[in-house]
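# need a structure here:
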Amino acid sequence: MKKTDDVKKLVKILIGSAWADGKLQPEEQQYLHQIALEKGLATDPEIQPLLNEFTAVPPTQCYEWVREYLGNHPSVEDYHKVLEAISGLIYSDGEVAIEEAKLLTKLQSLYPEGRSPQPGYSTLLKEIQKLYRRWVDLKT
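Model prediction:
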């Protein structure tokens, strides 16, 4: 049962991540439907309204789902699952929105203490942070 709950939480996190910029892109929606089908959650009463854009997900809710999934002492494996899943979604539409970059940056802060992320993830997150900072500089 816990495994099923974890899969559902991860799908909810993906849906919340897709809403980070305030709307679901067609590519993101297609990606989410594919994941939900693969995981057997496409018709789940909790997932379906989120998947079909009936319910927008505010960023605070997405962060809460991430915290619930990872818990107080996340394992490196759980952290990587979330990061990989969100990264796949974010790149499904070919662009990284500022809000999505913020989500990845916040996720980086949740990395299990005393350990450092794999070099590939660190590089990815640093590049996204650079893009975000550049965008902020342009706006000010």
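
# around Thr4, count how many other residues there are.
When neighbours are counted by other CB atoms under 10 Å, Thr4 registers 12. Bear in mind the C-beta positions are built from the backbone N, C-alpha and C, glycine included.

# pull up the gap between it and Leu103, please.
25 Å (CB to CB, to the nearest Å).

# host element of Met105?
Actually, residue 105 is Thr. It isn't Met. helix 98-109 (DSSP states H and E).

# can you list the weak-confidence ranges in the chain?
Within the chain, the stretches with pLDDT under 70 are 1-3, 93-95, 109-140.

# now the helices for it?
Listed in chain order, the helices of the chain (DSSP state H) span 2-18, 26-38, 48-51, 59-70, 76-90, 98-109, 119-139.

# please name the nearest non-neighbouring residue to the most centrally placed residue in the chain.
With distances taken as CA atoms, centre = their mean, Ile86 lies nearest the centre of the chain, 3.5 Å away. Nearest non-adjacent residue to Ile86, counting by CB to CB, 6 or more residues apart in numbering: Ser17, 4.9 Å away.
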